[in-house]
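Asks: sequence below, structure please.
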Amino acid sequence: MSTRNRRPEALQDGVDVSVVIPTCNRWALLSTAALRAALLQEAVDHEIIVVDDGSVDETPGRLSELAVSEPRLRVVRNERSLGVAAARNAGIRAARGEWIAFLDDDDVWSPRKLRAQIDVAESERAAFVYGGAAWLDQRRTFRYVPASPDPAGLATRLLQWNVIWAGGSNVVARTDVVRRLHGYDERLFQLADWDLWIRLALEGNGALCPEIVVGYVMQPTSMLLTDRRDVFDEFEYLVGKHREASAAHRVDFDRARFSRWVALGHVRAGRRGDAARTYLRGAVRHRDPAAALRAFGAIVGPASIPVGRALLSGVSPARRRDAVVPDEPPWLELYR
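Replies: Now for the predicted structure:
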C-alpha cells in the first residue's frame with residue numbers, strides 16, 4: 001500500500017523515508033550538495049539523518065545550528081571516525097522510516113527522486129529500487145549517463161560486477177530488509193556498497209526507476225582516488241564471502257575488469273606509475289592484452305597518443321559501451 005497520503009501517526013511516529021548521509025570534514029560539499037538535495041525532496045514525508053563521522057572542522061557546529069530550525073534534520077555523531085560503512089550503519093540504526101535512502105555527501109538528487117523511486121518500488125512490490133544516475137565532474141557539469149541494469153537477473157550480474165551505478169546515492173530499500181541483512185559489512189571500506197547490493201538482490205526483487213534521479217560527482221578527494229589500502233585484498237574477501245552464491249548462479253566475479261577499475265582510479269588520482277603497474281599485473285594474471293596497452297597509455301598520458309582515451313577506458317565517457325548521452329536533466333541547475 002502506498003504511504004504517500006498516510007499520516008505519520010499511521011507509521012507509529014515514523015516517516016516514509018529516512019535519508020542517511022555519512023560525512024566527515026566536508027561541510028562545503030555537504031551543505032551545497034547532499035544536504036540541499038535531501039531538503040529539496042518533494043511530495044514525501046522524510047527525515048534526514050546526517051552521520052557526522054568524527055568531523056573536526058565546522059561541520060558539527062553548522063549541523064547543530066541547522067537542526068534548531070529544520071525539524072527534518074537529525075544528527076548522529078561519532079566522536080572519532082569509524083569509516084563510511086560504520087557511519088551508514090549508525091544511520092540505519094537511527095532510521096524511523098519505512099524506507100531508507102543512502103546519499104553520499106557530495107552527490108545530488110532530483111527533487112522527485114524519493115517520490116519517484118518509492119512509487120515504482122511499491123508498484124513492483126520490490127525490496128529495493130534504483131534509478132538513472134548522471135556522471136558529473138567536480139564542477140557538477142553533466143557528462144553522461146551509464147545504462148541502468150535490468151532488474152531481471154540482477155543478482156547474477158552483481159555477482160560478476162557492480163552494475164548499480166552510483167549505488168551509494170542511488171538505492172532506496174525497505175528498512176526492515178536492510179536491518180535483517182545487518183546493513184553494511186564494516187570489514188569492507190571501498191566495496192561495502194557492492195556487497196550490500198548483492199545481498200539485497202539475493203534477498204528480494206529489485207525495481208528500476210527509469211528517471212535520471214542522481215547526480216554522481218567524481219571528486220579528486222573521493223575515497224576511490226585517495227584511500228591507499230589494498231583494495232585487492234578487499235575484493236578477495238568479497239569473492240570469498242559470496243562464493244556459494246556465485247556457484248549457485250554459475251558465474252564468477254570479473255577479476256580482469258576489477259583490476260582495470262583499480263588502475264583507472266590510480267590514473268584519475270595522478271598516480272600513473274601505480275596505474276601502469278596495476279594494468280601490467282592484470283594483463284599477465286588475466287591474459288588481458290588490452291590492459292598492457294592501457295599501461296602504456298597510463299605512462300605517456302592520453303594526450304600524447306591519438307588512441308590514449310580509448311586505452312584509458314572510462315576517461316572518454318562518450319566511448320563507453322554502456323554510456324548514453326541524453327539531454328542534461330534540468331534539475332541539475334538547482335546545484336549551480
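
Asks: can I get the lengthiest strand in the chain as CSV, trimmed to CA atoms?
Replies: Secondary structure of the chain per DSSP state E: the longest strand is strand 206-217. The C-alpha trace of strand 206-217 is given here as CSV (Å, rounded to 0.1, in the frame of the first residue of the first chain):
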residue,chain,number,x,y,z
GLY,A,206,14.7,-5.0,-7.1
ALA,A,207,13.0,-2.4,-9.3
LEU,A,208,14.2,0.2,-11.8
CYS,A,209,13.0,3.8,-11.8
PRO,A,210,13.6,5.0,-15.4
GLU,A,211,14.1,8.6,-14.5
ILE,A,212,17.6,10.2,-14.1
VAL,A,213,17.4,10.9,-10.3
VAL,A,214,21.0,11.0,-9.2
GLY,A,215,23.9,13.3,-10.0
TYR,A,216,27.1,11.3,-9.1
VAL,A,217,30.0,13.7,-8.6
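
Asks: output the contacting helices and strands for that strand.
Replies: Helices and strands touching strand 206-217, by 3 or more CB pairs under 8 Å, 6 or more residues apart in numbering; DSSP states H and E, are strand 108-109, helix 113-124, strand 128-136. Any C-beta I mention is one placed from the backbone N, CA and C, and that applies to glycine too.

Asks: give the pairing partners of that strand; include direction for each.
Replies: When pairing is defined by DSSP bridges, strand 206-217 lines up against strand 108-109 (antiparallel), strand 128-136 (parallel).

Asks: that one: which residues count as buried?
Replies: Using 16 or more other CB atoms under 10 Å as the test for burial, strand 206-217 gives 206-209, 211-217.

Asks: report the two of the residues you listed separated the most.
Replies: Using CB to CB, the buried residues of strand 206-217 reach their maximum pairwise distance at A207 and V217, which is 24.9 Å.

Asks: could you pull out the helices for the stretch 101-250 of the chain?
Replies: Ranges of helices in the stretch 101-250 of the chain, per DSSP state H, counting those that start in this stretch, are 113-124, 154-158, 175-180, 192-203, 223-226, 231-241, 243-249.

Asks: point out the most buried one among the strands paired with strand 206-217.
Replies: Greatest average neighbour count among the strands paired with strand 206-217 goes to strand 108-109 (a mean of 28), per mean count of other CB atoms under 10 Å.

Asks: what does that strand rub up against?
Replies: For strand 108-109, contacts defined as CB atoms under 8 Å, 6 or more residues apart in numbering pick out 33-34, 36-38, 40-41, 103, 136, 140, 169, 213-215, 217, 332, 334-335.

Asks: from what I see, P151 and G204 are in contact.
Replies: No. The criterion here is CB atoms under 8 Å, and P151 misses it with G204 at 10.8 Å.

Asks: the host helix or strand of G273 packs against which elements?
Replies: Assigned by DSSP states H and E, G273 falls within helix 272-285. Taking 3+ CB pairs under 8 Å, 6+ apart as contact, the helices and strands that helix 272-285 lies on are helix 255-268, helix 289-300.

Asks: what's around D288, how many residues?
Replies: The number of residues packed near D288 is 18, by other CB atoms under 10 Å.

Asks: circling back: closest one to F296 among the helices and strands packed on strand 206-217?
Replies: Closest among the helices and strands packed on strand 206-217, using CB to CB: strand 128-136, at 25.5 Å.

Asks: mind checking pLDDT for the nearest residue to I118 once chain neighbours are set aside?
Replies: In space, and not counting its chain neighbours, I118 is closest to W99: 6.0 Å by CB to CB, 6 or more residues apart in numbering. As predicted, W99 sits at a pLDDT of 98.
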